[in-house]
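Pasted the sequence and its predicted model underneath.
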Amino acid sequence: MAHRQRKPADSEAAGERADKTCASCGRRMEWRAKWANNWDSVKYCSATCRAHGVTATDLRLEEAIATLLAARATDATVCPSEAAKTVGAEEWRELMEPARRAARRMVARGELEITQGGVVVDPSTAKGPIRLRRPR
């Protein structure tokens, strides 16, 4: 038996689904059919992100990134490890992924850009070393 295709709503047919970013990790969320009935209320991309949420440490990392950028020249960049070292001192390595998540959330809000080799990259797909700078 052939599967019946779900008829898209008028706004879906026109491709007007609003892009979303995960409130926890800052990655771009792809629309899924299982979210069709509650797309407006979806905040997290996965159960892991829903469980993690945004902690006080995550907010301190965002503040550290903003402070480090404010103390530098307008076109200067910082590494997420600098924010991790500011917040975590001796345990800074454990904060590297949370620092990258904080940076992605800030990109989603338009507060900074993520670059690799001086070129702005998509924060959802960037792998390897990244730098953070103010938007141009």
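Arrived safely, thanks for sending. Numbers count the residues shown, from 1 in each chain.

Tell me the secondary structure at residue 132.
strand (DSSP: H, G, I helix; E, B strand; the rest coil).

typed the wrong thing, it's residue 86
Put simply, residue 86 is helix when judged by three-state DSSP.

Which pLDDT value goes with it?
We have a pLDDT of 95 for residue 86.

Distance of it relative to residue 65?
Computed with C-beta to C-beta, to the nearest Å, the distance linking residue 86 and residue 65 is 9 Å. C-betas here are computed from N, CA, C, even on glycine.

Between those two, which has more neighbouring residues?
residue 65 (24 against 19; other C-beta atoms under 10 Å).

Compute the first-to-last residue distance for stretch 87-98.
The first and final residues of stretch 87-98 sit 11 Å from each other (C-alpha to C-alpha, to the nearest Å).

Any buried residues in that stretch, and which?
87-88, 92, 95-96, 98 (16 or more other C-beta atoms under 10 Å).

Likewise for stretch 104-115?
Neighbour count says stretch 104-115 has 104-108, 111-114 buried, by 16+ other C-beta under 10 Å.

closest to residue 59 among those?
Of all those, residue 59 sits closest to residue 105, with 9.7 Å by C-beta to C-beta.
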